[in-house]
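[1] sequence unknown, structure follows:
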């Protein structure tokens, strides 16, 4: 397992390469419940809706925003207001998620089809807890590193990894792609997640398999340096044109 200083150093290099909108975060899926990994997420749950659905936050993707500032651990009930996210993160089976009122709502609206839901990547094993936090402060070894990026970061990622997976809705399934398949995956976002998290319209998310982070960062740095060198050339060349002076 990497010491915390290694994760901090890799996080600094990752941020320098991708220029994200927030600090990279680590996400650790724990099968047991060890002490002192991170304090439980604190805060009151919302009042249950008519179907009894509630949780600590509107959806698990909201934890990504909070984890940029502090570390905490979560359990299934914290994620339970979003049944899709609870499914992608292994807390519900597909049958259990399909029986929930929020899944019925997205299916009934035509936003997704039943076939699309069945094809959504998800964790194969149910975690006991999920720990979130700034990558530099992770006390549990992360399984996934999540970065909130702009088009500039996506450009660098695509240059470094031409086979990069670029995914759509639901946004949270890129976590399962990174953990279960050890693949890099970017999400353009989804309407549900953007409304719940308040992500800016320019933001996207990228999930990286933590076990590969060292090699990923090295490749990103090389791609970023090439891009910046060409950008300097193009900027200097553009100065020949009066409108660019």
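    Now that the structure is in, tell me what you want to look at. Model, not experiment: these values are computed from the prediction.

[2] Tell me which stretches of the protein form strands.
    Using DSSP state E, the strands of the chain run over 25-30, 72-74, 129-134, 144-149, 165-167, 185-187, 204-209.

[3] Look up how far residue 63 lies from the residue nearest to the spatial centre of the chain.
    Centroid-nearest residue in the chain, with CA atoms, centre = their mean: residue 146, separated by 4.1 Å. With the distance defined as CB to CB, to the nearest Å, residue 146 ends up 10 Å from residue 63. Bear in mind the C-beta positions are built from the backbone N, C-alpha and C, glycine included.

[4] just checking, residue 165 touches residue 188?
    No. If you go by CB atoms under 8 Å, residue 165 and residue 188 don't touch, sitting 11.4 Å apart.

[5] Who has more neighbours out of the two?
    The neighbour comparison of residue 165 against residue 188 (other CB atoms under 10 Å) goes to residue 165, with 17 against 13.

[6] List the contacts of the more buried one.
    Applying CB atoms under 8 Å, 6 or more residues apart in numbering to residue 165 gives the contacts 174, 177, 183-186.

[7] can you pick the most crowded of these?
    Most crowded among the contacts of residue 165, counting by other CB under 10 Å, is residue 174 at 26 neighbours.

[8] and that residue, what is it in contact with?
    Under the criterion of CB under 8 Å, 6+ apart, the contact partners of residue 174 comprise 165, 167, 185-187, 205-207.

[9] With respect to residue 90, which of the residues you listed is nearest?
    When the contacts of residue 174 are compared for distance to residue 90 (CB to CB), residue 207 comes out closest, at 14.9 Å.

[10] residue contacts, the closest one?
    By CB under 8 Å, 6+ apart, the residues touching residue 207 are 144-146, 174-175, 177-178, 184-187.

[11] what's the answer for residue 102, then?
    By CB under 8 Å, 6+ apart, the contact list for residue 102 reads 53, 81-84.

[12] do you know how far it is from residue 22?
    Plainly put, residue 102 is 26 Å away from residue 22 if you go by CB to CB.

[13] Kindly report the same for residue 213.
    Counting by CB to CB, the gap from residue 213 to residue 22 is 17 Å.

[14] Could you do residue 106 as well?
    For residue 106, the distance to residue 22 - CB to CB - is 27 Å.

[15] I'd like to check the angle between the longest helix belonging to the chain and strand 25-30, please.
    For the chain, the longest helix by residue count, based on DSSP state H, is helix 213-238. Using axes from the mean of the first three to the mean of the last three CA atoms, to 10 degrees, the direction of helix 213-238 lies 160 degrees away from that of strand 25-30.

[16] The contacts of residue 102 in helices, which ones?
    Counted as lying in helices by DSSP H, out of those, are 83-84.

[17] May I see the contacts of residue 102 arranged in TSV, with pLDDT, neighbour count and distance to residue 46 as well?
    As requested, those are exported to TSV (pLDDT from 0 to 100; neighbours: other CB atoms under 10 Å; distance: CB to CB, whole Å):
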residue	pLDDT	neighbour count	distance to residue 46
53	95	16	9
81	97	24	7
82	97	27	12
83	97	26	15
84	96	28	17
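
[18] Could you export the contacts of residue 102 to CSV, including columns for distance to residue 90?
    Output for the contacts of residue 102, formatted as CSV (distance: CB to CB, whole Å):
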residue, distance to residue 90
53, 18
81, 16
82, 13
83, 13
84, 13
